[in-house]
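K.L.:
Dropping the sequence and predicted coords here.
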Amino acid sequence: MVTSLLLLEHRGLEDLLDRLESAIHARAGEFDAARATAGAAAAHYANEAAFLERLAQSHPAVAAKIAGQHAQVLELAAAIEQAAAAAQPADVTALARRLHAMAQHNIIEEERDVFPLAVGWYE
């Protein structure tokens, strides 16, 4: 089932989010950890696109909300790149915190509220 594959990707993202959180607390390596997390999130969101398209057929508001969350994470990733390029480490850290929170929230919401809507789709 597609949601099973997406759940596996979530576990990988959560590992990266844990590393990002550790880097933030250590105040070292936030940029690299955020970049790795953002790259994996972007790949996951691309893999999830077909699922969201199907979801939009029956639950357009939910699909739009989740797509919006994905866009926010990717915007934060771009802002982190810009802050790093401008040598603004405090901004990198603040943005990395927001990226962590948004990506983690998205995973929780998808697993709790969204994936159950797909029961029976691919069986």
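P.N.:
Nice, I can see it.

K.L.:
only C-alpha atoms for contact and neighbour calcs from this point on.
P.N.:
Will do.

K.L.:
Now do the buried residues in the longest helix seen in the chain.
P.N.:
Longest helix in the chain, counting residues (DSSP state H): helix 30-58. For helix 30-58, a neighbour-count test (16 or more other CA atoms under 10 Å) marks 30-31, 33-38, 40-42, 44-45, 48, 51-52, 55 as buried.

K.L.:
Can you report phi and psi for the spatially most central residue of the chain?
P.N.:
For the chain, the residue nearest the mean C-alpha position is residue 103 (3.6 Å; CA atoms, centre = their mean). Note on residue 103: its backbone torsions stand at phi -70, psi -40 [degrees, to the nearest 10].

K.L.:
Please identify the helix or strand for the nearest residue to it once chain neighbours are set aside.
P.N.:
With CA to CA, 6 or more residues apart in numbering as the criterion, residue 103 has its nearest non-adjacent residue at 6.3 Å, and that residue is residue 73. Residue 73 belongs to helix 60-85 when assigned by DSSP states H and E.

K.L.:
Tell me the helices and strands packed up against that helix.
P.N.:
helix 30-58, helix 89-109 (3 or more CA pairs under 8 Å, 6 or more residues apart in numbering; DSSP states H and E).

K.L.:
a markdown table please, covering those and showing mean pLDDT.
P.N.:
Shown next, in a markdown table, are these (pLDDT from 0 to 100):
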| stretch | mean pLDDT |
| --- | --- |
| helix 30-58 | 96 |
| helix 89-109 | 98 |
